[in-house]
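Novice: Sequence first, then the predicted structure, then my questions.
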Amino acid sequence: MLMPQPGSAGVHRLMPSRTFKHARIMIVDDEPANVDALTRLLDRNGFTRMESTSDPREAEHLYMKLRPDLILLDLHMPHMDGFAVMDRLNQLAEASYMPILMLTGDMSPEARREALSRGAKDFVNKPFHTDEVLLRIRTLLETRFLYLQIQNQNQMLEAKVRDRTRELESTQVEIIERLARAAEFRDDKTGRHAERVGDMAMQLAREIGLSNRMVTLIRSAAPLHDIGKISIPDAILLKLGKLTADEFTRVRTHTRMGARLLSGGSFNLLRMAEEIAFSHHEHWDGGGYEGLSGERIPLVGRIVAVADVFDALVHKRPYKPAWPKPDAVAEIQRQRGRQFDPSLVDAFLRVIERMPTS
Ligand SMILES: [Fe+2]
């Protein structure tokens, strides 16, 4: 039952703003007369989107249909009281923030606490004064729209952060690619070896089921495997004949030197590149530069080892001609369980199998 306020000045002041006019308001009250009175009041005050039910069992359905900005909810109703309605609504995942205005007769402090704990935001005692109802509705709608605004801003900020992160990652990848190209430039003017090793490492990583994130990282980190070679003098690096034992010892330092150059990186890509630089000459059987064996060799190092050797075999080097592809594949296979991780050789053979013959 509504009790009209004397005079109209107060009511006029409460006319809804343009935003509030479109607020979706849901009314749940078992007394059709109350529903009618509230609907008329809202209508008179410029609200345009009200829906109501006098059967509380329909509240859930109506909520899903209307997605209200405000719920006017009676407490004492047959079949389901206002508490039970709130419990149902609280179970809906979508109901993240629901302003509920409880319409009630006398309410004990316990019942109020109960209602608040279930999510009621405010109360109006029946019979209510129109001004008071409108004021409380306005206050709750203000909170509701501020909440939506903040949620919206948060989503925009999150999207912005995602964009910036992507930008930052692609900048990192670009710089790393240029660095790898620079490192390769002295002994491979095309700079393509590093890139091809990256491609093959990526295919192997995908073949053994690594996550997309890891596959992308290894694609960018693998080309830096030989970055440490920038510390090797031209006379050794570009020597056409066989290397002396001392020269070979010097060449072997490129793994440690590369790891040192890349150490202390603050992003995952650099940390992975460091691991690869250090371990790409390890052998599965322990016969590599540092004597690591089996799974003690980082997986990324084991992957790049296969990719690096295969690419070196099928391309011309100052000290050797390019091997025919079948011979290179046979050599990789021969090193299964010796130089290379057996499961990676298997993955390599599957990748090669699928490649178009050239
Ligand atoms: Fe190397």
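Specialist: Thanks, I have the structure now.

Novice: Sketch out the low-pLDDT regions of the stretch 151-300 of the chain for me.
Specialist: 188-191 (pLDDT under 70).

Novice: Contacts only, for residue 328.
Specialist: 310, 313-314 (C-beta atoms under 8 Å, 6 or more residues apart in numbering). (Glycine included, C-beta is placed from N, CA and C.)

Novice: which non-adjacent residue is nearest it?
Specialist: residue 313 (3.8 Å; C-beta to C-beta, 6 or more residues apart in numbering).

Novice: give me every residue that touches that neighbour.
Specialist: 322-323, 327-328, 331-332.

Novice: The residues you listed in helices, which ones?
Specialist: The helices, defined by DSSP state H, take in 327-328, 331-332 from the contacts of residue 313.

Novice: which among those end up buried?
Specialist: Buried by 16 or more other C-beta atoms under 10 Å: 328, 332, out of these.

Novice: With pLDDT added, can I get the ones in helices among the contacts of residue 313 in JSON lines?
Specialist: JSON lines is the format used below for the ones in helices among the contacts of residue 313 (pLDDT from 0 to 100):
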{"residue": "327", "pLDDT": "96"}
{"residue": "328", "pLDDT": "97"}
{"residue": "331", "pLDDT": "97"}
{"residue": "332", "pLDDT": "98"}
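
Novice: List just the nearest of the ones in helices among the contacts of residue 313 to residue 87.
Specialist: Nearest to residue 87 among the ones in helices among the contacts of residue 313: residue 332, at 64.7 Å, using C-beta to C-beta.

Novice: show me the contacts for that closest one.
Specialist: Neighbours of residue 332 in contact, by C-beta under 8 Å, 6+ apart: 306, 309-310, 313, 340, 345, 348-349.

Novice: let's go with 7 Å and repeat that
Specialist: Residue 332 sits next to 306, 309-310, 340, 345, 348 when contact means C-beta atoms under 7 Å, 6 or more residues apart in numbering.

Novice: Now list the buried members of the residues you listed.
Specialist: Of the contacts of residue 332, these count as buried by 16+ other C-beta under 10 Å: 306, 309-310, 340, 345, 348.

Novice: For the residue nearest to residue 328, give its distance to residue 333.
Specialist: Taking C-beta to C-beta, to the nearest Å as the measure, residue 313 falls 12 Å from residue 333.

Novice: Give me the packing partners of the longest helix anywhere in the chain, helices and strands only.
Specialist: Using DSSP H, we find that the single longest helix of the chain is helix 130-184. When contacts are defined as 3 or more C-beta pairs under 7 Å, 6 or more residues apart in numbering; DSSP states H and E, helix 130-184 packs onto helix 9-13, helix 18-21, strand 70-74, strand 100-104, strand 120-125, helix 192-207, helix 268-279.

Novice: which one of these is the most hemmed in?
Specialist: strand 70-74 (a mean of 26; mean count of other C-beta atoms under 10 Å).

Novice: Which strands border that strand, and is each parallel or antiparallel?
Specialist: Under the criterion DSSP bridges, strand 70-74 sits next to strand 24-28 (parallel), strand 100-104 (parallel) in its sheet.

Novice: Of the ones in helices among the contacts of residue 313, which is the nearest to residue 56?
Specialist: Nearest to residue 56 out of the ones in helices among the contacts of residue 313 is residue 332 (C-beta to C-beta; 72.2 Å).

Novice: can you put the helices and strands packed on helix 130-184 in a markdown table and add distance to residue 87?
Specialist: Output for the helices and strands packed on helix 130-184, formatted as a markdown table (distance: least, C-beta to C-beta, whole Å):
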| stretch | distance to residue 87 |
| --- | --- |
| helix 9-13 | 35 |
| helix 18-21 | 28 |
| strand 70-74 | 12 |
| strand 100-104 | 12 |
| strand 120-125 | 12 |
| helix 192-207 | 48 |
| helix 268-279 | 45 |
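
Novice: remind me which residues of the stretch 1-150 of the chain are low pLDDT?
Specialist: 1-19, 93-96, 106.

Novice: Between the buried ones among the contacts of residue 332, which sits nearest residue 197?
Specialist: Lowest distance from residue 197 to the buried ones among the contacts of residue 332 (C-beta to C-beta) belongs to residue 310, with 8.8 Å.

Novice: Just the C-alphas of the helix or strand in which the closest one is found, formatted as PDB.
Specialist: Here residue 310, judged by DSSP states H and E, is contained in helix 299-314. The C-alpha coordinates for helix 299-314 follow below in PDB (Å, rounded to 0.1, in the frame of the first residue of the first chain):
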ATOM      1  CA  LEU A 299      64.400 -30.500 -22.800                       C
ATOM      2  CA  VAL A 300      64.700 -27.300 -24.900                       C
ATOM      3  CA  GLY A 301      68.500 -28.000 -25.300                       C
ATOM      4  CA  ARG A 302      67.700 -31.600 -26.400                       C
ATOM      5  CA  ILE A 303      65.200 -30.300 -29.000                       C
ATOM      6  CA  VAL A 304      67.600 -27.700 -30.400                       C
ATOM      7  CA  ALA A 305      70.400 -30.200 -30.600                       C
ATOM      8  CA  VAL A 306      68.400 -32.300 -33.100                       C
ATOM      9  CA  ALA A 307      67.300 -29.200 -35.100                       C
ATOM     10  CA  ASP A 308      70.800 -27.700 -35.100                       C
ATOM     11  CA  VAL A 309      72.600 -30.800 -36.300                       C
ATOM     12  CA  PHE A 310      70.100 -31.700 -39.000                       C
ATOM     13  CA  ASP A 311      70.300 -28.200 -40.400                       C
ATOM     14  CA  ALA A 312      74.100 -28.100 -40.300                       C
ATOM     15  CA  LEU A 313      74.200 -31.500 -42.100                       C
ATOM     16  CA  VAL A 314      71.900 -30.600 -45.000                       C
END
